[in-house]
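Novice: Task: produce atomic coordinates for the following.
(one chain, ligands or ions: 1)
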Amino acid sequence: MVKKIAILGSTGSIGRQTLEVIESLGEQYKVVALAAGRNENLLGDQIRRFKPELAALSDENAAARLADKNRNSGCTFMGGAKGQLCAAVWPEADLVVMAQVGFSGFESLVAALKEGKTIALANKESLVIGGDILKRLGLLDRERILPVDSEHSAIWQCLGMEPANSVKIARVLLTASGGPFFGWKEEELEQVTPEQALHHPNWQMGNKITIDSATMMNKGLEVIEARWLFDLSLDQIEVVIHRQSIVHSMVEYIDGSIIAQMSTADMRLPIQHALTYPERKKSRVEKFIPFGKTLNFYRPDRKNFPCLDLAYRAIISGGTMPAALNGANEVAVAEFTGGRIKFTAIPKVIKQVMDEHEVKQDPGIDDVINADSCSRRRAAEIIDEQMGRMI
Ligand code: MG
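Specialist: Next comes the predicted model:
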């Protein structure tokens, strides 16, 4: 049987690698819908190559130009938020890959889940900001939300479909590479340039997530992600630094056994696992056994990398606080990448926004969207006010 796939965020890093995996898997996998933001040229190439039934761009004008250029393709073109939503619930699709950037994809995710779709989820913000909402809507179903994030894919592979509240599970050990500045102290971190932060030792990823890896915020967001995906309590999740990125996470059982998932650090593997689940297929990922390597694990340095604790604090506060954390982080990261604030100012800005944020519990979608935009605005103000001083 052919598995039919819709991809939201098809022109981004995960979207492009998903298409590469689908191509390598052969004829049993077919792309039926593609959605992207504004990259009309790349989406145009993807349409010619994969011949989807639907193509959508958030940018209405770009969508119209693309439709005009591909008049005889037999493909339906849509623009705006409606197009994204349509791709998420496309009737032909068995599996929807959610690889958009940011929280804008949340409504598409909710719609797809309500429509009974299975999701391969690469969009972190949906769970970080919206996990609480999904839980209250009864949509957090492990059989239907398949993780693409490499650590969460690893946990899933070690856990199987064992419920997290099972008495057999002691802890989930979420591994972190520690980023390029592992072991650095505050004085050194103050001098970090965007070029240095954008160079990740083990993974090739987009810019935002690479900076988040350097500050450890990425791991903080992943703790929140794991909490919702596997229905874990915070004390069941431990972050472990593992510089080599050979083990991609582990599950510790109550008898002391630890099951780890190991592989080459290549995103095509977790992507493929979500696409082919419950089957496994041959992949183009390089096979390896870590001959001659000693696996090393360390505790994270929470003092010099405070973003990790800020994420824990956000989940303990609950409600709209994770949205405030995420919004402030996105602004601070963009300002750092643009060379306007120091690397060490990123957690300071986020902390101040969180200190001032009035948490609303049991939020609706509008509440988290509001918390997100308020925290972005406040982060920008804080940076303006303090430019040239603390920052
Ligand atoms: Mg990850």
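Novice: Confirm Pro278 sits in a helix?
Specialist: No - assignment of Pro278 by DSSP: H, G, I helix; E, B strand; the rest coil gives coil, placing it outside any helix.
Novice: and it, how far is that from Tyr253?
Specialist: Pro278 sits 22 Å away from Tyr253, taking CB to CB, to the nearest Å as the criterion. (C-beta placed from N, C-alpha, C; glycine too.)
Novice: Which one's more surrounded, these two?
Specialist: Shown here are Pro278 and Tyr253; by other CB atoms under 10 Å, Tyr253 has more neighbours (17 against 8).
Novice: all strands of the stretch 251-391 of the chain, in order?
Specialist: All strands of the stretch 251-391 of the chain, identified by DSSP state E, counting those that start in this stretch, fall at 258-262.
Novice: where does Val110 land on pLDDT?
Specialist: We have a pLDDT of 96 for Val110.
Novice: Could you check how far it is from Ile119?
Specialist: Look at Val110 and Ile119: by CB to CB, they are 11 Å apart.
Novice: With Ile382 instead?
Specialist: Counting by CB to CB - Ile382 and Ile119 are separated by 35 Å.
Novice: Glu143 too?
Specialist: Distance of Glu143 to Ile119, computed by CB to CB: 11 Å.
Novice: Let me know the pLDDT of the residue nearest to the spatial centre of the chain.
Specialist: Among the residues of the chain, the one closest to the centroid is Lys124, at 3.2 Å (CA atoms, centre = their mean). Looking at Lys124, its pLDDT reads 91.
Novice: swap in the one 5 residues further on?
Specialist: What the model reports as pLDDT for Ile129 is 95.
Novice: Just give the nearest non-adjacent residue to it, would you?
Specialist: Ala323 (4.6 Å; CB to CB, 6 or more residues apart in numbering).
Novice: Thought Ile365 was touching the one you found, still the case?
Specialist: No - Ala323 is beyond contact range of Ile365, at 10.5 Å (criterion: CB atoms under 8 Å).
Novice: Pull the contacting residues for the residue in the chain that the ion sits nearest to.
Specialist: Of all residues in the chain, Asp149 sits closest to the ion, at 4.3 Å by CB to the ion. Applying CB atoms under 8 Å, 6 or more residues apart in numbering to Asp149 gives the contacts 121-122, 124, 222, 225, 270.
Novice: With Tyr277 instead?
Specialist: Leu146.
Novice: Likewise for Thr118?
Specialist: Thr118 neighbours (CB under 8 Å, 6+ apart): 94-96, 143-144, 146.
Novice: can you list the domain ranges for this protein.
Specialist: Here the domain assignment for the chain is 3-148, 153-264+291-302, 318-391, based on automatic domain parsing.
Novice: Distance from the chain centre to the longest one, please.
Specialist: Shown here is domain 3-148, whose average C-alpha point lies 15 Å from the average C-alpha point of the whole chain (CA atoms, centre = their mean, to the nearest Å).
Novice: Secondary structure class of Ala120, three-state.
Specialist: Going by three-state DSSP: Ala120 is strand.
Novice: excluding its backbone neighbours, what's nearest it?
Specialist: Residue nearest to Ala120 in three dimensions, not counting chain neighbours: Ala274, with 3.8 Å by CB to CB, 6+ apart.
Novice: neighbours around that neighbour, how many?
Specialist: Count around Ala274 with other CB under 10 Å applied: 24.
Novice: ok, it touching Leu146?
Specialist: Yes - proximity of Ala274 to Leu146 meets the contact threshold set by CB under 8 Å, at 4.3 Å.
Novice: which residues do those two both contact?
Specialist: What both Ala274 and Leu146 touch, as defined by CB under 8 Å, 6+ apart, is the set Ala120.
Novice: tell me which element Ala35 falls in.
Specialist: Assigned by DSSP states H and E, Ala35 falls within strand 29-36.
Novice: Sheet-wise, list the partners of that strand with their directions.
Specialist: Strand 29-36 pairs in its sheet with strand 3-8 (parallel), strand 54-57 (parallel), by DSSP bridges.
Novice: could you dump those strands to TSV with mean neighbour count, mean pLDDT and distance to Ser375?
Specialist: Output for the strands paired with strand 29-36, formatted as TSV (neighbours: other CB atoms under 10 Å; pLDDT from 0 to 100; distance: least, CB to CB, whole Å):
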stretch	mean neighbour count	mean pLDDT	distance to Ser375
strand 3-8	25	98	25
strand 54-57	26	98	28
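Novice: nearest to Ala371, of those?
Specialist: strand 3-8 (23.4 Å; CB to CB).
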